[in-house]
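**Q** generate a structure from the sequence data that follows.
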Amino acid sequence: MGTTVPIRVIIAKPGLDGHDRGAKVVARALRDAGVEVIYTGLHQTPEQVVEAALQEDAQAVGLSILSGAHMTLFTKVIELLKERDAEDIVVFGGGIIPEADIPELERLGVAKVFTPGATTTEIVDWVRGHVTAAA
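**A** Residues are numbered from 1 along each chain as shown. Now for the predicted structure:
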């Protein structure tokens with residue numbers, strides 16, 4: 001009988017936004033669902049987020065952004081992952097993100113954006129359905 005390898009996800013708060021309750025709620029819900037979660041803490045640079053994802057061999061990065069800098073921060077994380085040949089790492093996120101910005105974020109490579117009102121069940125189900133654990 002083989003061992004099941006859990007999905008590994010980095011949950012990060014890039015930028016100057018200091019509100020991390022939502023990120024912690026999502027991190028806990030994922031952890032409770034059997035996902036291995038590494039929460040990087042507040043005020044992370046995109047470089048720190050990508051470095052953590054690579055060091056931790058994560059299959060996904062979840063960004064929580066409430067500051068309004070979502071276009072800049074998501075874009076930078078996606079660019080840095082491409083530079084490091086880590087485009088296989090799924091990027092998703094949520095926060096205060098206008099609906100009008102979501103199509104552009106998806107075009108840039110963000111797999112999913114959760115807006116206020118998304119349930120933890122919805123997020124967990126999406127991660128389970130769209131992120132593959134390492135072999």
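**Q** give me the below-cutoff pLDDT ranges for this protein.
**A** 1-3 (pLDDT under 70).
**Q** what helices or strands is the helix or strand that contains Gln48 leaning on?
**A** If you go by DSSP states H and E, Gln48 is part of helix 46-55. If you count contacts as 3 or more C-beta pairs under 8 Å, 6 or more residues apart in numbering; DSSP states H and E, helix 46-55 packs onto strand 8-12, strand 60-65, helix 70-83. From N, CA and C alone the C-beta is placed, and that goes for glycine too.
**Q** in it, which residues are buried?
**A** Within helix 46-55, the residues that count as buried by 16 or more other C-beta atoms under 10 Å are 46, 49-54.
**Q** ok so, going back, Asp101: which of the helices and strands packed on helix 46-55 is closest?
**A** Nearest of these to Asp101, taken as C-beta to C-beta: helix 70-83 at 6.3 Å.
**Q** next one: phi and psi at the residue lying closest to Gln48 once chain neighbours are set aside?
**A** Leaving aside its sequence neighbours, Gln48 sits nearest to Thr40 (C-beta to C-beta, 6 or more residues apart in numbering; 6.8 Å). Here is the backbone geometry of Thr40 (degrees, to the nearest 10): phi -80, psi -10.
**Q** my guess is Thr40 contacts Val9. True?
**A** No - using C-beta atoms under 8 Å, Thr40 is not in contact with Val9, being 11.0 Å away.
**Q** rewinding a little: need the buried residues of helix 46-55 in a markdown table with distance to Gly93, can you?
**A** Shown next, in a markdown table, are those (distance: C-beta to C-beta, whole Å):
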| residue | distance to Gly93 |
| --- | --- |
| Pro46 | 12 |
| Val49 | 11 |
| Val50 | 14 |
| Glu51 | 18 |
| Ala52 | 15 |
| Ala53 | 13 |
| Leu54 | 18 |
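**Q** most centrally placed residue in the protein?
**A** When C-alpha atoms, centre = their mean is applied to the chain, the residue found nearest the centroid is Gly62 (0.9 Å).
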